[in-house]
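A.B. asks: how does the following fold in three dimensions:
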Amino acid sequence: MKRAICLFLAFLSLSLLAGCHEKPSADIRTPNGIYTGTLPCQNCTGLETAATFNSDGRVVKSMLYEGTDKPFSTETGQWKMDDQGKVTAVFPSGTHYFRAGPETVEILDGNGKPYPAGSGQYTLQKLRPRDSVFFAGNWFLDGYNGEGYRQIMKIRGETVNDVIVDIDFSGARKGCRFRSKGHISNGQIEIPLNNAEAGMGGTLIIRPSRENDTLSLFTLNPDDRNELMYFCGGGGSLAGDYKKAHRNVKDKGSSR
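C.D. replies: Have a look, this model is predicted:
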């Protein structure tokens, strides 16, 4: 009987030790939300990157090569985190490794190790959620100075992640008109153009620029950009940078 009790106590001690050993470090963070940043790029001025980690294990990555004609790319994968805090994200194009901090994720190299000091900035910063409230409002196509042709995009929220995008014009006989529902995914508005005009194959993207109060409108695939001219007269296009319309912009236009 004493032997059995001793064996039981020994087993219990080992179990407690194992439990303590397997407990994750308090410094380990689980990525959640949208992280963005501009990474070093050998053949461009910068690699604008966004990664969205969802609690269901899905991750969405988007990349834009600044200063080049390379297309904007978005792909979806699956992520998981080991007990050491290393995040493995598997995409169709390959596997990437991350380590999450309180408000950042660090991008690791192909072996899951940190990049050497001095090799560049490989950290993405966490963004506050970009929901319909973030995008809602009036946005003027860049270049409007208060007179002449004016192209304005109005965005209205329907749900947290669904919006109505309405583009109209004034100051000319011909211009752009567009209206469709959009869905917010990975911090940007996505609208299949087939929703607005049957037979179109492109996807309209509206995403925040690095400049404050600016939204960039373009197509996911650059080869589809001519579809944005379909909704315009006089050779115009929906594409471009749209600036947030503040009260002083309206006053400027009315004072001239």
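A.B. asks: next SSE after the host helix or strand of Val87?
C.D. replies: Assigned by DSSP states H and E, Val87 belongs to strand 86-91. For strand 86-91, the following helix or strand on the C-terminal side (DSSP H and E) is strand 94-100.
A.B. asks: buried sites along that next one?
C.D. replies: 96-100 (16 or more other C-beta atoms under 10 Å). (Each C-beta comes from the backbone N, C-alpha and C, glycine too.)
A.B. asks: check stretch 170-178 too.
C.D. replies: For stretch 170-178, by 16+ other C-beta under 10 Å, it's 175-176, 178.
A.B. asks: what's the first-to-last distance across it?
C.D. replies: 14 Å (C-alpha to C-alpha, to the nearest Å).
A.B. asks: rewinding a little: between the buried residues of stretch 170-178, which sits nearest Met63?
C.D. replies: Checking these against Met63 with C-beta to C-beta, the nearest one is Phe178 at 26.5 Å.
A.B. asks: would you check that that closest one makes contact with Ile167?
C.D. replies: Yes: look at Phe178 against Ile167 with C-beta atoms under 8 Å: they come within range, at 4.2 Å.
A.B. asks: what is in contact with the two at once?
C.D. replies: Counting by C-beta atoms under 8 Å, 6 or more residues apart in numbering, the residues touching both Phe178 and Ile167 are 231, 238.
A.B. asks: returning to that earlier point: export the strand holding Val87 as CSV, just CAs?
C.D. replies: Provided in CSV are the C-alpha atoms of strand 86-91 (Å, rounded to 0.1, in the frame of the first residue of the first chain):
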residue,chain,number,x,y,z
LYS,A,86,6.2,31.8,-33.4
VAL,A,87,3.4,32.3,-36.0
THR,A,88,3.5,30.2,-39.1
ALA,A,89,1.3,31.5,-42.0
VAL,A,90,0.9,29.3,-45.0
PHE,A,91,-0.2,31.0,-48.3
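A.B. asks: tell me which residues of it are tucked away?
C.D. replies: For strand 86-91, using 16+ other C-beta under 10 Å, the buried residues are 86-89.
A.B. asks: repeat that for stretch 196-216.
C.D. replies: 196, 200, 202-208, 215-216.
A.B. asks: quick check: the farthest pair among these?
C.D. replies: Across these (C-beta to C-beta), the longest gap, 24.5 Å, separates Met200 and Pro208.
A.B. asks: that older thread, what is the lowest-pLDDT residue among the buried residues of strand 86-91?
C.D. replies: Minimum pLDDT for the buried residues of strand 86-91 is recorded at Lys86 (94).
A.B. asks: contact partners for that one?
C.D. replies: 97-99, 108, 112.
A.B. asks: which of these lies closest to Thr36?
C.D. replies: Thr36 has its nearest neighbour among the contacts of Lys86 in Phe98, at 13.4 Å by C-beta to C-beta.
A.B. asks: skip the chain neighbours and tell me the closest residue to that closest one.
C.D. replies: Val87 (4.1 Å; C-beta to C-beta, 6 or more residues apart in numbering).
A.B. asks: kindly reformat the buried residues of stretch 196-216 as JSON lines and extend each row with distance to Met81.
C.D. replies: JSON lines is the format used below for the buried residues of stretch 196-216 (distance: C-beta to C-beta, whole Å):
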{"residue": "Ala196", "distance to Met81": "40"}
{"residue": "Met200", "distance to Met81": "40"}
{"residue": "Gly202", "distance to Met81": "36"}
{"residue": "Thr203", "distance to Met81": "31"}
{"residue": "Leu204", "distance to Met81": "34"}
{"residue": "Ile205", "distance to Met81": "29"}
{"residue": "Ile206", "distance to Met81": "31"}
{"residue": "Arg207", "distance to Met81": "27"}
{"residue": "Pro208", "distance to Met81": "28"}
{"residue": "Leu215", "distance to Met81": "33"}
{"residue": "Ser216", "distance to Met81": "32"}
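A.B. asks: tell me which of the residues you listed fall in strands.
C.D. replies: 203-208, 215-216 (DSSP state E).
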